[in-house]
Each structure stands twice: as C-alpha cells, then as structure tokens.
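J.: Starting from these lines, generate the structure:
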Amino acid sequence: MNRRDISDDDTGPIRRVTDAPSDRSPGTSRSPRRTPPPEGPRRPRPPAQRPRQAESGRRRAPEPKPEPKPEPPAGHGHSHGHGPAAPASRRVRLLLMWLLIPLAAATVVGMIVLYPWGGDPAKSVFPQGTPVNATITGTITGPCLAEGQVQVGEPPPDAKPCLTSELTMTDGPGTGKSLKLTLPIEPSTPRFAAGDDVVLSYNGGDVANPASFQIVDFQRGTPLLLLAGLFALAVIVLGRWRGLAALVALGLSFLVLAFFVLPTILAGESPLLVAIAGAGAIMFVALYLTHGLSARTSVAVLGTLVSLVLIGVLSAIFSAAASLTGLDDSTSQLIGSLGHGIDARGLLLAGVVIGALGVLDDVTVTQTSAVWELRRANPALGWRELYGAGLRIGRDHVGSAVNTLVMAYAGAALPVLLYTSLSGVGLGSILGAEDIAQEIVRTLAGSVGIVAAVPVTTVLAALIASREPQESL
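T.: All right, here's what the predicted structure looks like:
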C-alpha cells in the first residue's frame, strides 16, 4: 500500500528539489544539484519508493495531517467542540426564554392594568393659563407704577425698581397686538431685554387688558431642537445603524415616560408599581432594539432586572428606616396642584428606580459584551476563566459608573445643597435634612445596585457564553 511521507507537509516543495535518494556522505554539502536532468521522460517515483529514514525521526506525529481540500473524515474535530456545544446552546436559549417571556408578559399586563383607561387627564386645581408667544420690543427700568399712575417726587430709598416691557404677541388671540407688562426687579426675576422671545400666560380675559397676561419664561424651542439635532447627528455618525436604533429606543423610552408613567402616577396609582412596569418596558425595548435579540442581550436584561430589584428593595428599606417622607418642595407643590394626596415616599422610590436604569443598562451591556469578546478571542476559556477576566474589567467600570451616578445626583441637588449649607448648622444636621437624605438614599442604593450588577451579570454571561457555539459568538 502506497504511503505519503508526512514530511512533505512540513517542508513543502523544498524537499522536492532532490528527487533521487541521497548517496552523499554525511560531510557532503546538501545544496541542490545544478546539472540538467538526464534525457528522456522522467518517471515519477511512487510514494512508497521515497526514503523512509527521515520518517523514523518524525514518529512524534501519530496522525498524518489531512489534505487541504478533501473534506475531513467523520469524527474529526477542531478542539472547539462545535458538535456538542450546539445542543447546550439551545438549552440555554430555552432557559432564557422561560425566564424572560414571563417577565415581559408581566410587564405588559402591569401596564394594561395600571393605565387609567377612559379617565380624564389630571389637571391642576390652580389655573395655569394658556401659553402665548410674544417678542419684547423694548424695556424701561423705573418705579413700580400701575397703569395710569405718575411718580411725584423722589421714590423712597428702599423702593425696589420695576422693569416695564413692551411686547408684541406673535400668536394666540391677540396676535400682532402690543401691550406693556411691569415686573418687579428681584434677585429671582429673569433679566428680560429687547429682542427676547418670551412665553406669556393668558388667563382668558380681555385681550386689550395687560392684566390678562403675565410673563412666564423664555422661548427655548429653537436652541433645544438644534442641540437635539447635533446629538442625533453625533450618535448616528459614530454608531451608524446601531446609533440610529439607539435613538429610536430613546424615543420609545420617552414615550413610555410621557404617555404611561406620568399620567398613571397623576391618576393616583402607586408610583413604585408604575415605575417598575415602566422601567421594565424601557429595559426590554431599549436593550433588544439597540443590541438585537440574542443570548448576549438577554443576559444583560437579566442582570439589569436583578439589580433593579435590589435597588428597589434597598431604597424601600432604608427610606423607611430613615423616616423619609418624600415631601420636598417640588412634591409638596405637586400635591397642592393635584388637589388630592399622593404616595410621596413611593414617588421617591420610583425616582430611584428610573434614575438608576440608564446607568445599569450601560454596566450590564458592557460586562456582557466583554465576556462575549473574551470568549470569541479565546474559545478554550471556561466559565471560571471568563468570569475572572470579566470581573477584572468590571472593577474598572464600577468606579467610573458609581462616580457618574453620584455626580449626576449631586448636580441635580446642587441648589438644595447650597440652600441647606446656608443654615449654619453642623454637617450632620445638613446631611440628615429631608432633601439631602433623599439624595443620599438615591445615590447609595443606586450605587449598591451598580456594584452588584457587575458580578451578577458577569457570572451569567460567563455561564452562557462558555456554552455558545463559536460561530454564534
């Protein structure tokens, strides 16, 4: 039986330069012959006639290497375990489906049950007026005088000046008409100037009477739209189709907040339950739409869900232990405008859950992607090695993520921090104040959830990625 010398695969065509068996002495040079071949047809030597003495030194390779083109025989493997891994991956995917489908169904059912179907939208018991756009054409600073009054003599030394603004309405019932409005100049009063586009509040009275209008705020639509357009352009340029999917997910998240969370809470439902249902919907929509329907995304969803549960439990326990009522200035104003009570502590917990959702998505997706990329780079890694490497990456991410959350809450509460520091009491009294203690609970409970999200998500990703076929990574 003819046998091919396996040394041909190692040395290639260089060995074929000398066809005949070598009869040189050991000290003779092994350089190839330069003499032309003999006349006549050259008979190819069958593989069995090749020298076999070189074979004795190559007994280390017990199996011959396969030919490049023919298909490998049955039972041949590549040391990645492609065959056995696919059934395990199918089992994992089924497990993820059994875990996530009930959660998604519970989210949908919760939204349907909680939403105030057929109810009238909540309105403030205090008249808010109709917004009307106007443009300031001129301003005059002087004494605070009513319409038709005249200043006689010098004003009192302690008298506060007023700003009289001449305006032209650009929409509403008095479009094109001019009017004058006087505002006292206070430290809390915005500084209006000629050329400013402002928003007026119209109470429905006589359009010709200035008392029917009140300056509320500046018009900010154009700069906000420009900034939103710049943000969208940056996301699309960098992320391309995935960036576009992220923008769509962001828009859907905003719709969930605007058309489910806000009206449902205003209708009197439990703010915490509404926040849980809304956060679940945002989580499923944002993650799957941005990152695709895959086992990798499902792991991120599970890690986010576990961390949200932990954040909610910690927030509920410590807000009750610290006797937090949730009745800060904004909540008290909201209750007064609604005209009925609301679960202020539940509103506080709802804010904690929704506020931590964005940072949690970032942490869980990053950890899952890191584990999957480690598995793709080295398919031989087991789940323990993947977990250890992913956890080392997560330690670096935890520090920045927690710092991001703390700075976000501190920035939002900066006016409260400044106002409380004016009291002149000790640091302990400042930190124990209702407004500051709320921010502390938000920050620390969210940070604990972020820290817990790293090992939880990493171990789930390591267990699942180690069982994924290489071609599906």
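
J.: same question for stretch 381-399, mean pLDDT?
T.: Averaging pLDDT along stretch 381-399 yields 88.

J.: sorry, that was for stretch 270-277
T.: The model assigns stretch 270-277 a mean pLDDT of 92.

J.: Please enumerate residues in contact with it?
T.: 107, 110-111, 114, 260-261, 264-265, 308, 312, 316, 342-343, 346-347, 349-351, 353-354 (Cβ atoms under 8 Å, 6 or more residues apart in numbering). Any C-beta I mention is one placed from the backbone N, CA and C, and that applies to glycine too.

J.: Dump that stretch to CSV, keeping only the CA atoms.
T.: In CSV, the C-alpha atoms belonging to stretch 270-277 read as follows (Å, rounded to 0.1, in the frame of the first residue of the first chain):
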residue,chain,number,x,y,z
SER,A,270,-48.8,53.5,43.2
PRO,A,271,-45.7,55.4,41.9
LEU,A,272,-43.4,52.4,42.7
LEU,A,273,-45.5,49.9,40.8
VAL,A,274,-45.8,52.3,37.9
ALA,A,275,-42.1,52.9,37.9
ILE,A,276,-41.4,49.1,37.9
ALA,A,277,-43.7,48.5,35.0
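
J.: Tell me how far it lies from the chain's centre.
T.: 20 Å (Cα atoms, centre = their mean, to the nearest Å).

J.: likewise stretch 437-456?
T.: With Cα atoms, centre = their mean, you get 16 Å for stretch 437-456.

J.: and what of stretch 213-230?
T.: Centre to centre, stretch against its chain (Cα atoms, centre = their mean), the figure for stretch 213-230 is 26 Å.

J.: Just the endpoints, please. Distance across that stretch?
T.: From its first residue to its last, stretch 213-230 covers 35 Å (Cα to Cα, to the nearest Å).

J.: That one: which residues count as buried?
T.: Residues of stretch 213-230 classed as buried: F213, I215, Q219 (neighbour count, 16 or more other Cβ atoms under 10 Å).

J.: In TSV, list these along with distance to P157, secondary structure and pLDDT.
T.: Shown next, in TSV, are those (distance: Cβ to Cβ, whole Å; DSSP: H, G, I helix; E, B strand; the rest coil; pLDDT from 0 to 100):
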residue	distance to P157	secondary structure	pLDDT
F213	32	strand	91
I215	27	strand	90
Q219	37	coil	93
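
J.: just curious, which of the residues you listed is nearest to G326?
T.: I215 (32.2 Å; Cβ to Cβ).

J.: for that closest one, what are its contacts?
T.: S165, L167, L181, L183, F192, V198, V199, L200, S201.

J.: want to throw the buried residues of stretch 213-230 into a markdown table with distance to A408?
T.: Listed next are these as a markdown table, based on distance: Cβ to Cβ, whole Å:
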| residue | distance to A408 |
| --- | --- |
| F213 | 37 |
| I215 | 32 |
| Q219 | 28 |
